[in-house]
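> Mind looking at a prediction? Sequence and model below.
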Amino acid sequence: MKILITIHKNEVASRFDLTSEILIAEVDAGEIAGEPRIILLPGTSGEDICGLAIKENISLIICGGIEDTHYQYLKWKKIKVVDGVIGPYEQALKFAIANTLKPGVILPGASIYGKQS
């Protein structure tokens, strides 16, 4: 399974369509296979991220807010989206691997209003 996470600094990016940095991790038998890749995008575009997700054969996308158009498109392409996630992207990845990540979750260590939770 391949997981794509929209990121900003050490957090899950708050907006899918305004993300310029993503992480792609491959998971096999509950473990990360190899080194996750961080990709800097040339600009911010939800359409570009959707295209990259299809090209990379992504199974799961983890993000903050996402426009319904992008959400429905990814769902149509059989890509699972867990949205509304707030917190460190490393925590989001751990929760996803454990199959416990839920939409709208605030993860331990989340930076809310500039303060760590």
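It's in.
> Please identify the helix or strand for residue 72.
helix 68-76 (DSSP states H and E).
> Beyond that helix, next helix or strand please.
strand 80-82.
> who does that next one pair up with?
Here strand 80-82 has these sheet partners by DSSP bridges: strand 60-62 (parallel).
> So what touches stretch 47-57?
Defining contact as CB atoms under 8 Å, 6 or more residues apart in numbering, one finds that stretch 47-57 is touched by 2, 4, 6, 16-17, 19, 22, 24, 39, 41, 58, 61, 70, 73-74, 77, 79. For every residue, glycine as well, the C-beta is placed using N, CA and C.
> List buried residues within these.
If you count burial by 16 or more other CB atoms under 10 Å, the buried members of the contacts of stretch 47-57 come out as 2, 4, 6, 16-17, 19, 22, 24, 58, 61, 70, 73-74, 79.
> how about those residues, which pair is most distant?
The distance between the two most remote of those (CB to CB) is 20.7 Å, for 2 and 17.
> Okay, now the unreliable bits of this protein?
The model of the chain has pLDDT under 70 over residues 113-117.
> roughly how far is the longest strand seen in the chain from the heart of the chain?
If you go by DSSP state E, the chain has its longest strand at strand 31-40. Computed by CA atoms, centre = their mean, to the nearest Å, the chain-centroid distance of strand 31-40 equals 12 Å.
> One more: stretch 30-46?
Centre to centre, stretch against its chain (CA atoms, centre = their mean), the figure for stretch 30-46 is 9 Å.
> can you list contacts of it?
Stretch 30-46 is contacted from outside by 7, 16-27, 48-49, 52, 66-67, 69-70, 93, 97-98, using CB under 8 Å, 6+ apart.
> cool, and stretch 63-75?
Contacts of stretch 63-75 (CB under 8 Å, 6+ apart): 5-6, 12-17, 19, 46-47, 49-50, 53, 61, 81-86.
> All set, thanks.
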